[in-house]
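K.L.:
let's see this in three dimensions:
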Amino acid sequence: MSSIDNLKAIVSQKNGLARGNRFNVIFTPPSQSLLNLNPDVLIGSLLSGSFNVKNLISDPRDISLLCQSASLPGRQVTTLDYQAEKQTVPVPYAFIDEDVTCKFLLTNDYYMKIMFDNWLSAILDLDTYEVGYKKDFATDVVIQQLDLENKPVYGVRLVNAFPTSVTGVELDSASTEVQELNVVFSYDKYIPEGPTSTRLSGVSNILDALT
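P.N.:
This is a model prediction of the structure:
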């Protein structure tokens, strides 16, 4: 059997190849980030005729649909050099988890931008420069790899995640592209999850969104 046949057999045995466009991102931001009570925004929507009572409280389940890209984080083991007789060997002592960047579509009500603006304000008050309590602004973020039937096959849970960078939005009179927002998340650690555990984490986050 040729090597290509062996590869096909392995891929078939493993239920196919993973696709980068099959993913899901689930999280519930702090409650204050979901309230759209900014007077400027409310008056603007009334004047434009786009006001909808349902938009006063954002549905966090929309986040998954508006997320255009995400990444499963990597992990680096940090080491110290240890002199063992005549040879220096690396000795692990800690690890560093990569930050996670997500890209979101911007709708004409600037839902995602306003939500992350509110979230950042909950982390650091821009008027008093007071930092909030982490338990009030951090949340778990679940990122899932899906198969061709949109079923989770692998996932990671970012524990106590929160945005540390929200990029600017570029405006260009010559551009016809859809506006996007890049957000960098930091977190305490990530926990790898299998198909069953990541389903449970996702369901738990959705229930949090509904309560």
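
K.L.:
from here on, just use CA atoms for contacts and neighbour counts.
P.N.:
OK.

K.L.:
so who does the nearest residue to Phe23 once chain neighbours are set aside touch?
P.N.:
Excluding the flanking residues, the one nearest Phe23 by Cα to Cα, 6 or more residues apart in numbering is Gln145, at 4.6 Å. Gln145 makes contact with Ala18, Arg22, Phe23, Asn24, Pro152, Val153, Tyr154, Gly155 under the criterion Cα atoms under 8 Å, 6 or more residues apart in numbering.

K.L.:
after the biggest strand by length in the chain, which helix or strand is next?
P.N.:
In the chain, with assignment by DSSP state E, the single longest strand is strand 152-166. Once the chain leaves strand 152-166, the next helix or strand it forms, by DSSP states H and E, is strand 180-186.

K.L.:
what does the very next helix or strand once past that following strand contact?
P.N.:
Note on strand 180-186: by DSSP H and E, the next helix or strand toward the C-terminus is strand 189-193. Counting by Cα under 8 Å, 6+ apart, strand 189-193 makes contact with Pro73, Asp97, Tyr154, Gly155, Val156, Arg157, Leu158, Val159, Asn160, all of which sit outside it.

K.L.:
could you list the low-pLDDT ranges of this structure?
P.N.:
Residues of the chain that meet the criterion pLDDT under 70 lie in 1-2, 32-60, 206-211.

K.L.:
could I get the contacting residues of the closest residue to Leu124 other than its chain neighbours?
P.N.:
Excluding the flanking residues, the one nearest Leu124 by Cα to Cα, 6+ apart is Val131, at 4.5 Å. Val131 makes contact with Ala122, Ile123, Leu124, Asp125, according to Cα under 8 Å, 6+ apart.
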